[in-house]
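Engineer: generate coordinates for the sequence data below:
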Amino acid sequence: QVRLVESGGGLVQAGGSLRLSCVVSIRAIRPYAMGWFRQAPGKEREFVAAIRGSGQSTYYADSVKGRFTISRDNAKNTVYLQVDSLKPEDTAVYYCAATYRVVDGALDDHVEYDYWGQGTQVTVSS
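Structural biologist: The predicted model follows:
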């Protein structure tokens, strides 16, 4: 059973920063591509960022490019999302996801992922 646990969310003013973490409870996460998605109230879940197992390929939604950075530490079974220059429209529950499947492209579709965390709330005040 693969378990993902996110942390690091909170309330922050516009322009502020947070570092979200996702710890994965398996022997080794290197074979897994990892992604971050978010869901705001009344909206569908949307792609934020993804990273392949080696960490050498990363992908971002246009709305967060230049402000968010995804990274991973395979030795710690942890994936990070550094969120900077936050805007009120970034307010959402942020979910971490993992996939063992071989997926081409930007890993930006939630159906490509097999495992999900419970989410961490990020609230940005104006």
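Engineer: Pro41: how many residues sit nearby?
Structural biologist: For Pro41, the count of nearby residues is 7 (other Cβ atoms under 10 Å). Heads up, the C-betas are built off the backbone N, CA and C, glycines and all.
Engineer: you'd agree it is in a helix?
Structural biologist: No. Looking at Pro41 with DSSP: H, G, I helix; E, B strand; the rest coil, it is coil, so not inside a helix.
Engineer: separation between it and Ala50?
Structural biologist: 24 Å (Cβ to Cβ, to the nearest Å).
Engineer: one more: Tyr32?
Structural biologist: Tyr32 is 11 Å from Ala50, by Cβ to Cβ.
Engineer: can you tell me, leaving aside adjacent residues, what's nearest to Gly9?
Structural biologist: Nearest residue to Gly9, sequence neighbours excluded (Cβ to Cβ, 6 or more residues apart in numbering): Thr120, at 3.4 Å.
Engineer: looking at it, the one you found is touching Arg19, isn't it?
Structural biologist: No. Contact criterion Cβ atoms under 8 Å: Thr120 and Arg19 do not qualify, at 11.0 Å.
Engineer: so what sits against both of those two?
Structural biologist: Both Thr120 and Arg19 are contacted by Gly8, under the criterion Cβ atoms under 8 Å, 6 or more residues apart in numbering.
Engineer: who has more neighbours, those two?
Structural biologist: The neighbour count for Thr120 versus Arg19, taken as other Cβ under 10 Å, is higher for Thr120 (22 against 13).
Engineer: and the helices in the chain?
Structural biologist: Assigned by DSSP state H, the chain shows no helices.
Engineer: how far away is the most centrally placed residue in it from Phe47?
Structural biologist: The centroid of the chain falls nearest to Trp36 when counting by Cα atoms, centre = their mean (2.1 Å). Noted for Trp36: a distance of 8 Å to Phe47, by Cβ to Cβ.
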